[in-house]
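Student: Here is a sequence together with a model predicted from it:
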Amino acid sequence: MSDVKKIREAMISVLPTSSSNFGESIEARFMYLPSAHIKALRLDCNLVVGARGVGKSFWTSALADADLRKKLKQDLPELENTEVHIGFSVKEEIDDYPNSDIFIQLIGAKFEAYDIWRAVVTRWLSKVVDQSIPCQEWKDTVIWVKENPEGLARLVQAANTIFQETGKAGLIIFDALDRTSHDWNGMDNIVRDLLRAVLWLKSFSCLYAKVFLREDQFNRAVMNFPDASKLLATKVELTWLGSDLHGLLWQILCNADGGHGACLRGVYQQGLLGFLPLGGASNYKPDSFMDKLHSPNEGDEIWRIHDELKRNTEQQRKLFELLAGAWMGTNPRRGVPYVWIVSHLADGQGLTSPRSFLVAIRESAENSRDKHPEHTVALHYESIKTGVQKASEIRVAEIAEDYPWVRHIMKPLQGLSLPCEFRQIEEKWRQEFPEGLSSITANKLPPQNIDQGWLGMKNDLARIGFFTTKKDGRTDMPDLYRVGFGLGRRGGVKPNKS
């Protein structure tokens, strides 16, 4: 029992809290590369699409960090000789790219987004070739780009030559584009013109661009320009399989500090799963993923789980049983924790974010410590349900950052039991908003189909993973959002009492 308590405390010590910025501040020991993400990080991938929380901003930050890029060289050797520049992101770097206010001002002054994006590229490459261009204000750079086509062409060609002669590549990354506009037509033009600028760079052998887009941005008419198919052919979607989430979990657990790390690596070793030191043991050739732990090189305390564990769900399941037991109750009919927790954290498209998963695991450990201290494994099945409740609260807060109108539209549905006929939902909306959707305001992008009435709202909520439709036509909602917004379901995870 003392070992179980130690395991709980070790898990709590390393897993992110509900208020931590997991994915924004990156530690090399916790960086985990799902197999599906390798293609997205390659230089020849121009277009990366993903929902909230799947890693767009995470990989933007990781690629911009030279030390972290070195940690990826085993899977992505091309990154070792790549210089990375950020062309737009959440973090404000006013000399490198205009912030959202300046961008909106430039668009309002009738500058084309295509020229603004080329101005961003030009400022980056002017530093590579050590050439002076107008940079006092962003409008000065945009005007220079527009009025000096030959000078611009020579500057970009010179930068490409420098990279070529030094055996390097130059990569510019664009993220968080929803911050550039508050209306969809403006957003469409901005994204489309950025992709045109990316296509412009593709003609240079050593210059690359990568754009991270939300799904709703990509799914609009942003690819309707000549040769857009050349970019579309490189598109990769960022997703996390259940096996990826469990692989990430063990990557984090086994890299906990001090005695906590030793404790959790002991659990890992008990599960007879192979483990490799990152950047070391170059001559170590494991015969199978069943090999025991190997100590890292002296001074190297970063561990990487064996690649086989990323794919072998049966071994992952056996390992997770050491933490959570075999069942979500007293018998097999209640479900298996390894599968249950991932499926109950999935959105309407069946996707689960790593942040939701890790927050749920930590909350489960804390609740087990406080409410079920004598349980025989670290995570009690009732505590896992509590973890889902906490993760749902966090996910609701996150999604409301991207879509502020969601809170307004979901508030009148509190207490409703799902699944139900859509007319029941529509009736509650009509009562709350007698003047229609026009009364719903937000300071960010509004619902895409706001002009199509309540059915358009239903489609918008389905598109972002809130609503699903059952075979009998009734409307349902995944636990990830249902719990956080206070809707009920017979036999389902209960919402927290407000």
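Tutor: Now that the structure is in, tell me what you want to look at. Numbering: from 1, shown residues only.

Student: Please tell me how far residue 242 sits from residue 310.
Tutor: Residue 242 sits 11 Å away from residue 310, going by CB to CB, to the nearest Å. C-beta here means a position set from N, CA and C on the backbone, and glycine is covered the same way.

Student: where does the stretch 201-350 of the chain dip in pLDDT?
Tutor: The model of the stretch 201-350 of the chain has pLDDT under 70 over residues 221, 272-300.

Student: where along it do the strands fall?
Tutor: In the stretch 201-350 of the chain, the segments counted as strands under DSSP state E, counting those that start in this stretch are 207-213, 236-237, 275-277, 303-305.

Student: Residue 11 is nearest to which of those?
Tutor: Using CB to CB as the criterion, the shortest distance between residue 11 and the strands of the stretch 201-350 of the chain is 16.0 Å, found for strand 303-305.

Student: just how off-centre is the closest one within its chain?
Tutor: The chain centroid and the centroid of strand 303-305 are separated by 21 Å, computed with CA atoms, centre = their mean, to the nearest Å.

Student: Packing partners of that strand?
Tutor: Based on contacts counted as 3 or more CB pairs under 8 Å, 6 or more residues apart in numbering; DSSP states H and E, the elements that strand 303-305 packs against are helix 242-253, strand 275-277.

Student: Next, the buried residues of the first one.
Tutor: Meaning helix 242-253. Going by neighbour count (16 or more other CB atoms under 10 Å), the buried part of helix 242-253 is 242, 243, 244, 245, 246, 247, 248, 249, 250, 251, 252, 253.

Student: quick one: which of the residues you listed is nearest residue 424?
Tutor: Proximity to residue 424 was ranked across those by CB to CB; first place goes to residue 242, at 32.7 Å.

Student: wait, that closest one sits on residue 351?
Tutor: No. No contact is recorded between residue 242 and residue 351 when judged using CB atoms under 8 Å, the distance being 10.6 Å.

Student: how close does the residue lying closest to residue 245 once chain neighbours are set aside get to residue 421?
Tutor: On the basis of CB to CB, 6 or more residues apart in numbering, the spatially nearest residue to residue 245 that is not a chain neighbour turns out to be residue 357, at 4.7 Å. According to CB to CB, residue 357 and residue 421 sit 32 Å apart.

Student: Now do the nearest residue to residue 247 once chain neighbours are set aside: how many residues are near it, please.
Tutor: The spatial neighbour of residue 247 that comes closest, neighbours along the chain excluded (CB to CB, 6+ apart), is residue 310 at 4.5 Å. Residues within reach of residue 310, counting by other CB atoms under 10 Å, total 22.

Student: now swap in residue 120 and tell me
Tutor: 26.

Student: so where does it fall, helix or strand?
Tutor: helix 113-128 (DSSP states H and E).

Student: Residues in contact with that helix: which ones?
Tutor: The list of residues contacting helix 113-128 from outside it, by CB atoms under 8 Å, 6 or more residues apart in numbering, reads 83, 85, 87-88, 95-98, 103, 106-107, 132-133, 135, 138, 141-142, 144-146, 152, 155-156, 159, 162-163, 170, 172, 189-190, 192-194, 196-197, 200-201, 207, 209.

Student: Kindly reformat the helices and strands packed on strand 303-305 as CSV containing distance to residue 317.
Tutor: What follows is the helices and strands packed on strand 303-305, written out as CSV (distance: least, CB to CB, whole Å):
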stretch, distance to residue 317
helix 242-253, 8
strand 275-277, 18
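
Student: circling back: was I right about the residue nearest to residue 245 contacting residue 247?
Tutor: No. Under the criterion of CB under 8 Å, residue 357 lies out of contact with residue 247, with a separation of 11.1 Å.

Student: Residue 438: what's its closest spatial neighbour, skipping adjacent residues?
Tutor: Spatial nearest neighbour of residue 438, chain neighbours left out: residue 450 (7.9 Å); criterion: CB to CB, 6+ apart.

Student: Likewise for residue 414?
Tutor: residue 486 (4.1 Å).

Student: part of a helix, is that neighbour?
Tutor: No. Counting by DSSP: H, G, I helix; E, B strand; the rest coil, residue 486 falls outside a helix, being coil.

Student: in the stretch 151-300 of the chain, which spans are helices?
Tutor: All helices of the stretch 151-300 of the chain, identified by DSSP state H, counting those that start in this stretch, fall at 184-201, 215-218, 229-232, 242-253, 258-270.

Student: quick one: which of the contacts of helix 113-128 sit in strands?
Tutor: In strands, judged by DSSP state E, the following of the contacts of helix 113-128 are found: 83, 85, 87, 88, 170, 172, 207, 209.

Student: Quick one: which of the residues you listed is the most crowded by neighbours?
Tutor: residue 88 (27 neighbours).

Student: can I get the helices of the stretch 151-300 of the chain in CSV with distance to residue 7?
Tutor: Conversion of the helices of the stretch 151-300 of the chain to CSV gives the following (distance: least, CB to CB, whole Å):
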stretch, distance to residue 7
helix 184-201, 46
helix 215-218, 37
helix 229-232, 47
helix 242-253, 9
helix 258-270, 6
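
Student: returning to that earlier point: emit the PyMOL select command for whichever of the contacts of helix 113-128 are buried.
Tutor: Only the buried members of the contacts of helix 113-128 enter the following PyMOL selection, criterion being 16+ other CB under 10 Å:
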select buried, resi 83+85+87+88+96+97+98+103+106+107+133+138+141+142+144+145+146+152+155+156+159+162+163+170+172+189+190+192+193+194+196+197+200+201+207+209
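
Student: From the contact counts, what lies against the host helix or strand of residue 67?
Tutor: Element membership for residue 67, per DSSP H and E: helix 66-71. For helix 66-71, the packing partners by 3+ CB pairs under 8 Å, 6+ apart come out as helix 56-64, strand 82-88.

Student: Including distance to residue 454 and mean pLDDT, could these go into JSON lines?
Tutor: Written out in JSON lines, the entries for those read as follows (distance: least, CB to CB, whole Å; pLDDT from 0 to 100):
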{"stretch": "helix 56-64", "distance to residue 454": "31", "mean pLDDT": "93"}
{"stretch": "strand 82-88", "distance to residue 454": "35", "mean pLDDT": "97"}
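
Student: of all those, which lies closest to residue 263?
Tutor: Between residue 263 and those, the shortest gap by CB to CB is with helix 56-64, which sits at 27.0 Å.

Student: buried ones in the closest one?
Tutor: The neighbour-count criterion (16+ other CB under 10 Å) identifies 56, 57, 58, 59, 60, 61, 62, 63, 64 as the buried residues of helix 56-64.

Student: Now the residues you listed in TSV, please, with extra columns for distance to residue 36.
Tutor: Listed next are these as TSV, based on distance: CB to CB, whole Å:
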residue	distance to residue 36
56	14
57	17
58	14
59	12
60	17
61	19
62	16
63	16
64	21
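
Student: show me what contacts the residue lying closest to residue 213 once chain neighbours are set aside?
Tutor: With CB to CB, 6+ apart as the criterion, residue 213 has its nearest non-adjacent residue at 5.1 Å, and that residue is residue 49. Contacts here follow CB under 8 Å, 6+ apart; on that basis residue 49 touches 212, 213, 214, 215, 218, 235, 236, 237, 238.

Student: now do residue 73
Tutor: 79, 80.

Student: now it, what's its secondary structure?
Tutor: The three-state assignment at residue 73 reads coil, by three-state DSSP.

Student: count of residues packed around the residue nearest to residue 462 when sequence neighbours are not counted?
Tutor: On the basis of CB to CB, 6+ apart, the spatially nearest residue to residue 462 that is not a chain neighbour turns out to be residue 348, at 6.4 Å. Residue 348 is surrounded by 19 other residues when neighbours are defined as other CB under 10 Å.

Student: do the same with residue 270
Tutor: For residue 270, the neighbour count with other CB under 10 Å is 11.
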